[in-house]
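*Asks:* let's see this in three dimensions:
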Amino acid sequence: MSGSRVVQARPGDWHIPSSKPDEMMATAVLLLRDAEALNDTGCGSQYLLLIHSVEVALKSYLLRNSATMEEIRSFGRDISRLLAEARKHGLTTSHSLTDNVVFRLKKSAERIDARCDFSFETLPPACDAIPIAWSLLRDAAGKPRTAATLVRTVPAARYQAAPAA
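*Replies:* Just a heads-up that it's a prediction; the model follows:
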């Protein structure tokens, strides 16, 4: 891949909170950053990271809002059901296309799980879906000092190119 580079954070750049929901949100943010780093390649990996990021963020929200790990496990990987349940627990989404994108991501995830079908032609371009996912992560993170805010606001100058192997 010409023009691509590996980015590595310096130790101490991340503040990983100790609670399980905050740890999960930090993971969701890192997954979405990885999807974003693929620079709209439209490859399966980018969408898989995007789907997993949304799933983990919604599970984090539910866990923070009185759901148990057993209840969260019962949803499996169904991000549409997770979003509906999060809304029952008070989540409001700020982007008007959240439902549409989550539904389409869910359908693609089902095709992958059922048939190892990695076709993503029914999905919006990743460059359109990623901002919607960021919006959902911010909505699910809620309070301003969560891991999502801390990781999202780390200035680019704090990154350095990883040494060549």
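*Asks:* C-alpha only now, for contacts and for neighbours.
*Replies:* Noted.
*Asks:* looking at this, residue 84 is in a helix?
*Replies:* Yes: Residue 84: assigned to a helix according to DSSP: H, G, I helix; E, B strand; the rest coil.
*Asks:* and it, how far from residue 98?
*Replies:* Noted for residue 84: a distance of 12 Å to residue 98, by Cα to Cα, to the nearest Å.
*Asks:* higher neighbour count, those two?
*Replies:* Between residue 84 and residue 98, residue 98 has the larger neighbour count (other Cα atoms under 10 Å), namely 16 against 13.
*Asks:* residues contacting the lengthiest helix in the chain, please?
*Replies:* The helix that spans the most residues within the chain, counting by DSSP state H, is helix 44-64. Contact partners of helix 44-64, identified using Cα atoms under 8 Å, 6 or more residues apart in numbering, comprise 20-22, 24-25, 27-32, 34-36, 38, 40, 69, 72, 77-79, 82-83, 85-86, 89, 105-106, 109, 118-120, 126, 130, 133, 136-137, 140-141.
*Asks:* do you know the pLDDT at the residue most central in space within the chain?
*Replies:* Nearest to the geometric centre of the chain sits residue 53, at 2.3 Å (Cα atoms, centre = their mean). Predicted confidence (pLDDT) for residue 53: 95.
*Asks:* and for it, nearest residue in space, chain neighbours not counted?
*Replies:* Spatial nearest neighbour of residue 53, excluding adjacent residues (Cα to Cα, 6 or more residues apart in numbering): residue 28 at 4.3 Å.
*Asks:* likewise for residue 123?
*Replies:* Counting by Cα to Cα, 6+ apart, the residue nearest residue 123 is residue 104, at 6.0 Å.
*Asks:* quick one: the residue nearest to residue 53 from residue 19, how far?
*Replies:* 14 Å.
*Asks:* show me the shaky parts of this structure.
*Replies:* Within the chain, the stretches with pLDDT under 70 are 1-18, 40, 42, 114-115, 118-120, 143-165.
*Asks:* where do the strands sit along it?
*Replies:* Using DSSP state E, the strands assigned to the chain run over residues 7-9, 159-161.
*Asks:* wait, what's in contact with residue 94?
*Replies:* 135, 136, 139.
*Asks:* sorry, back to before: how much space between the residue nearest to the centre of the chain and residue 134?
*Replies:* 10 Å.
*Asks:* return every residue with contacts to both of these two.
*Replies:* Here residue 53 and residue 134 have residue 32 as joint contacts, going by Cα under 8 Å, 6+ apart.
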